[in-house]
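Colleague: Take this sequence and fold it.
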Amino acid sequence: MSLAIIRSVLGALTTTQAWTAALVKIKNSKRNGTTYAARGITLAPEGALSRVIANLSKVYTEGNNAYLGKYASVNDYDGSADSLKVYRLQSTSELIADEYTRLIQALSVPEMTGDPLDFAANAYALKASLDVNGEEKNVVLFSLQNPICVLKNRFIYENSTFFEINKKVLNLRQNIDVVIIDNMIYLLTLTGEKLFNMERSYRAICVVKTEDICDSGIISNVESFKNIATSGHNPRRFVAFNQQRYDAMKDAALRRRMAAIFQLTLDDSGLIDTSSSDASEKLIKVLCNKGMVDPFGNVPVEVSAVSRW
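Modeller: The predicted model follows:
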């Protein structure tokens, strides 16, 4: 259903001429977190922005090669990285709530003075209110790539001669990384995570959950588990941390049963042996909805994501 919503919105981009465009600057720091600034821009001649919008609508919704055609589904964001899925988050999600508020505030009062070529933008945004099937939708499209660039090896033809172009230009690439529809955020690419600095968020969740597991008394080697849990791809997996599974694993009898199913080794005290990286990885997958049981072979399998049948 959500794919249909996205398609309806992107197909309706040309139903209004009241689009505004802005350069967006995203800054990340340990002290201030993620902050945003926006610089409003105007395109000329008249109708230039409308043509950009029309082409975006066309490449995403029309024909056999429409960009939206590659997506299989829309799923709640769970930290997995499937390029064939659109990932969805509410604006109130703990992963992005603070960043979302700052971003929307910056877009609502964009700067209108100063040289935009010196703005140090790393994204651009297109914003409008659309009538989609009789409903008003507030829509913002984001492309997360520096829109200001210097063309190299490019020449313009004038007076029988090609002259080199060596000035900065505005390049509004025809790829959307994030679509905001009212208060729902859709990540069309994993690059879209950068808009909200989501790596910082899921690493913070990982640290909290890892400390909790280490203090729970269900694992044997705390330091080994901590090192594995907070490295590589594992911090991302903790977005899908299953609290019910974790609480259930505190029961010794159930822990023995799960250990037998998922090939987890228990020590003499009944704790999960996490002295090896393989053992820690298996436990993380079980707790983060990446470990399931194949009902036909009754064997443990790794899955990329979980959704109800």
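Colleague: Every contact and neighbour count from this point should use C-alpha atoms.
Modeller: Noted.
Colleague: what's residue 274 in contact with, if anything?
Modeller: Shown in contact with residue 274 (CA atoms under 8 Å, 6 or more residues apart in numbering): 219, 220, 221, 222, 224, 225, 280.
Colleague: Recalculate using a threshold of 10 Å.
Modeller: Shown in contact with residue 274 (CA atoms under 10 Å, 6 or more residues apart in numbering): 218-226, 228, 264-267, 280-283.
Colleague: Could you do residue 170 as well?
Modeller: Listed by CA under 10 Å, 6+ apart, the contact set of residue 170 reads 23, 43, 116, 117, 146, 147, 148, 149, 150.
Colleague: Among those, which one lies nearest to residue 302?
Modeller: residue 146 (37.3 Å; CA to CA).
Colleague: Would you confirm that residue 20 contacts residue 126?
Modeller: Yes - taking CA atoms under 10 Å as the definition, residue 20 is a contact partner of residue 126 at 5.8 Å.
Colleague: May I have the phi/psi pair for residue 161?
Modeller: phi -140, psi 150 (degrees, to the nearest 10).
Colleague: Would you check how far apart it and residue 155 are?
Modeller: For residue 161, the distance to residue 155 (CA to CA, to the nearest Å) stands at 9 Å.
Colleague: Compare neighbour counts for those two and give me the winner.
Modeller: Neighbour totals were compared for residue 161 and residue 155, and residue 155 leads with 13 against 9 (other CA atoms under 10 Å).
Colleague: Run through the residues that contact that one.
Modeller: Going by CA under 10 Å, 6+ apart, residue 155 touches 161, 162, 163, 164, 165, 166.
Colleague: quick one: the helices in this structure?
Modeller: Here the chain has its helices, by DSSP state H, at 2-11, 48-61, 97-108, 198-215, 222-229, 234-237, 243-248, 252-261, 277-287.
Colleague: Go through the fourth one and flag the buried ones.
Modeller: Of the residues in helix 198-215, those scored as buried under the neighbour-count criterion (16 or more other CA atoms under 10 Å) are 198, 200-207, 209-210, 213-214.
Colleague: Could you do the third one as well?
Modeller: By neighbour count, and taking 16+ other CA under 10 Å as the criterion, the buried residues in helix 97-108 are 98, 99, 100, 102, 103, 106, 107.
Colleague: is it true that the second one touches residue 197?
Modeller: In other words, residue 99. Yes - using CA under 10 Å, residue 99 is in contact with residue 197, at 8.1 Å.
Colleague: Which neighbours do those two have in common?
Modeller: 33, 34, 35.
Colleague: Number of residues surrounding the first one?
Modeller: Read it as residue 33. Neighbourhood size, residue 33 [other CA under 10 Å]: 13.
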